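Trainee: Here you go, sequence then predicted model.
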Amino acid sequence: MAITYALLAAFLFALSVPLGKLLLGKLAPLELAAFCYLGCALGLFCWRALSGPSAAAERLGRKDIKWVAAFTFFGGVAAPLLLFEGLRLSPSSRVSLMLNSELVFTSLIAVVFFGERGGRRLWMAVALVTAGAFCLGLDDGTPGAGKGLALVALASLSWALDNNFTARVSAKDPLAIAAIKGLVGGIINLVLALAVYGRAAPAAPAILALALGAVSYGASLVFLILSMRELGAARAGAFFGAYPFMGALAGLLFLAEPLSAGLMAAFVFTAAGVALLAGEWHSHRHFHPVLEHEHPHSHDAHHSHHTEANTPAWHRHHHAHGPLSHEHGHIHDEHHLSGH
């Protein structure tokens, strides 16, 4: 079921691009960005009201304000506006594939600015996704399409910054983080839209945009979190990484966008690049030193400190890890950050 949740999350998120393209015929990019993110916040608040507070996640505090401000600006204000401005100018299938650059930008920023480990796979992935982006602009005769794809690349960069800033508070409640980002980002873009366009958005398209945000951003996140609880962040993220290809296929099938040699080449290059990054999951014998920290977790090879039968499957508390040597599949996460 966890794999189904991850793929469903990817599918719902992928729909935001072709359906957003349709709504851009009725709403301006600022308006669409505002209502989609407000819809996301509304959907997440409803889910939290139904599911109750998370016992495993820590609440945001004052020390997190700088990170909240940063990821709200880049992820909640700048990125959706850039995306929909680019989508207005470019076919949705090409926009979807260009969004693969977010994964590469995220990895590059993490390595260059936050000291995370990179390697040959990362640089090969950068080259492949860059080649794919180049192919997207080769045979597209749509006026302004090149500018549109450049704006989508900037949106991907903004979301990559958002991802890295959000990682600084990764132990906090992910639904609360996304709801804050959606609410504040949506309000800011709505105020900007009113100031720029001097009009109220048409009601019917605005309601549809709210629904799109609730489903493609809100429900998608809920399903992704549900899948992470069983698969772990790395494996769930690998399945979720299929969303650009789902979005491109949806644009071809439902919007009757043309399939060209450049688009097919971009598909191959970007798929190879994403596969390289997803393949950072590896297995070898490694050593864990003594470590004390606090984060949400379940009982696995690194968390066997409970013997009580009634301990919740997913919980949070301060705990210690003793020295441990073992072998298993892993990525470079908070338990595997050493240069092994």
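Mentor: Great, that's in hand. Because the structure is predicted, anything quoted here is derived from the model rather than measured.

Trainee: How about residues contacting stretch 177-187?
Mentor: 33-41, 44-45, 48, 60, 68, 71-73, 75-77, 80, 162, 166, 169, 213, 217-218, 221 (Cβ atoms under 8 Å, 6 or more residues apart in numbering). To be clear about C-beta, it is placed using only N, CA and C from the backbone, and glycine gets the same treatment.

Trainee: go again using 6 Å as the cut-off
Mentor: By Cβ atoms under 6 Å, 6 or more residues apart in numbering, the residues outside stretch 177-187 that reach it are Ala34, Tyr37, Leu38, Cys40, Ala41, Leu44, Phe45, Thr72, Gly75, Gly76, Val77, Leu221.

Trainee: Is it possible to get JSON lines of those that adds neighbour count?
Mentor: JSON lines is the format used below for those (neighbours: other Cβ atoms under 10 Å):
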{"residue": "Ala34", "neighbour count": "31"}
{"residue": "Tyr37", "neighbour count": "32"}
{"residue": "Leu38", "neighbour count": "22"}
{"residue": "Cys40", "neighbour count": "31"}
{"residue": "Ala41", "neighbour count": "25"}
{"residue": "Leu44", "neighbour count": "27"}
{"residue": "Phe45", "neighbour count": "16"}
{"residue": "Thr72", "neighbour count": "22"}
{"residue": "Gly75", "neighbour count": "25"}
{"residue": "Gly76", "neighbour count": "27"}
{"residue": "Val77", "neighbour count": "22"}
{"residue": "Leu221", "neighbour count": "23"}
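
Trainee: wait, which of the residues you listed is closest to Ala201?
Mentor: Ala34 (8.2 Å; Cβ to Cβ).

Trainee: part of a strand, is that closest one?
Mentor: No - per DSSP: H, G, I helix; E, B strand; the rest coil, Ala34 lies outside any strand segment and is helix.

Trainee: Is it in contact with Leu190, as I believe?
Mentor: Yes - contact criterion Cβ atoms under 6 Å: Ala34 and Leu190 qualify, at 3.8 Å.

Trainee: how about low-confidence regions in the stretch 1-150 of the chain?
Mentor: Within the stretch 1-150 of the chain, the segments meeting pLDDT under 70 span 54-57, 140.

Trainee: where do the helices sit along the stretch 1-150 of the chain?
Mentor: With DSSP state H, counting those that start in this stretch, the ranges of helices along the stretch 1-150 of the chain come out as 2-14, 16-23, 29-51, 65-71, 79-89, 92-98, 101-114, 120-136, 145-167.

Trainee: Just send those helices back as TSV, with distance to Val196 too.
Mentor: Output for these, formatted as TSV (distance: least, Cβ to Cβ, whole Å):
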stretch	distance to Val196
helix 2-14	27
helix 16-23	18
helix 29-51	6
helix 65-71	23
helix 79-89	11
helix 92-98	22
helix 101-114	26
helix 120-136	29
helix 145-167	17
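
Trainee: Quickly compare those helices and say which is most buried.
Mentor: Among the helices of the stretch 1-150 of the chain, the stretch with the highest mean neighbour count (mean count of other Cβ atoms under 10 Å) is helix 92-98, at a mean of 28.

Trainee: counting contacts, what elements does it pack onto?
Mentor: When contacts are defined as 3 or more Cβ pairs under 6 Å, 6 or more residues apart in numbering; DSSP states H and E, helix 92-98 sits against helix 16-23, helix 145-167, helix 243-254.
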